[in-house]
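Engineer: with the sequence up front, the predicted model follows.
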Amino acid sequence: MVPIPQLWLPILLASVFAFVASSVIHMVFTYHRADWKPLPNEDRVMDALREAGVPAGDFMMPHAGSPEVMRSDAFKEKWRKGPVGMMTIMPSGVPFGMGKQLGQWFAYCLVVSVFCAYLTGRAVGPGTDYLEVFRFAGFTAFVCYAVGGWQRSIWYAQSWSTTARNTLDGLIYGLLTAGTFGWLWPS
């Protein structure tokens, strides 16, 4: 068993490597540009949402609110007629920037690396072969970075191609994490 404090360096470096890889993937490669499509008549839709006073939050349309309403003819007609969708409205009026999200992403990378340290540190001891450490840390990181996102396609109709691209990213982050832990595993 290897305690988490002994793994501070692989935790930190794996987080940095995943963070940097994420930045490169999103700024250099173009495959994530297909994740989002523009709304037809975007200005009209934005004006309508603004006029309706839609606040920041998560919304579903049509919204049933209960199983009874979901079974009603009126709800079924709204669903049939459409549009059917889910959307997140972010606060407006705030200057555009990604500092907060990047900070949260790095914190998430640290949490994933701590999970990898915990699980791998419990599964294998000091001096364990690189490949064995790689397997435990890599699988844990991949599951954290990628598998949870599959729910978005299952429940929220996110396109499976977007989920596949995010899964590829998770595999890359997992491999970087695995390599870092294998490289810096205590002897």
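Structural biologist: Sure, I can see it. Nothing here was measured: the structure is a model prediction, and the numbers come from that model. Numbers count the residues shown, from 1 in each chain.

Engineer: all contacts plus neighbour counts: C-alpha atoms, from now on.
Structural biologist: Fine.

Engineer: show the pLDDT at the residue of the chain positioned farthest from its centre.
Structural biologist: Most distant residue from the mean C-alpha position of the chain: residue 73, 36.5 Å away (C-alpha atoms, centre = their mean). Note on residue 73: pLDDT of 96.

Engineer: with residue 94 instead?
Structural biologist: With respect to pLDDT, residue 94 has a value of 83.

Engineer: surely it is in a strand?
Structural biologist: No: going by DSSP: H, G, I helix; E, B strand; the rest coil, the assignment for residue 94 is coil, not a strand.

Engineer: number of residues surrounding it?
Structural biologist: 7 (other C-alpha atoms under 10 Å).

Engineer: how about it, phi and psi?
Structural biologist: Main-chain torsions, residue 94, degrees, to the nearest 10: phi -90, psi 130.

Engineer: residue 136 against residue 122, yeah?
Structural biologist: No: using C-alpha atoms under 8 Å as the test, residue 136 is too far from residue 122 to be in contact (10.0 Å).

Engineer: more neighbours, the two?
Structural biologist: Shown here are residue 136 and residue 122; by other C-alpha under 10 Å, residue 136 has more neighbours (20 against 13).

Engineer: mind listing what the more buried one touches?
Structural biologist: By C-alpha atoms under 8 Å, 6 or more residues apart in numbering, the residues touching residue 136 are 116, 119, 120, 123, 178.

Engineer: ditto for residue 123
Structural biologist: Residue 123 neighbours (C-alpha under 8 Å, 6+ apart): 1, 136.

Engineer: I appreciate the help and will end here.
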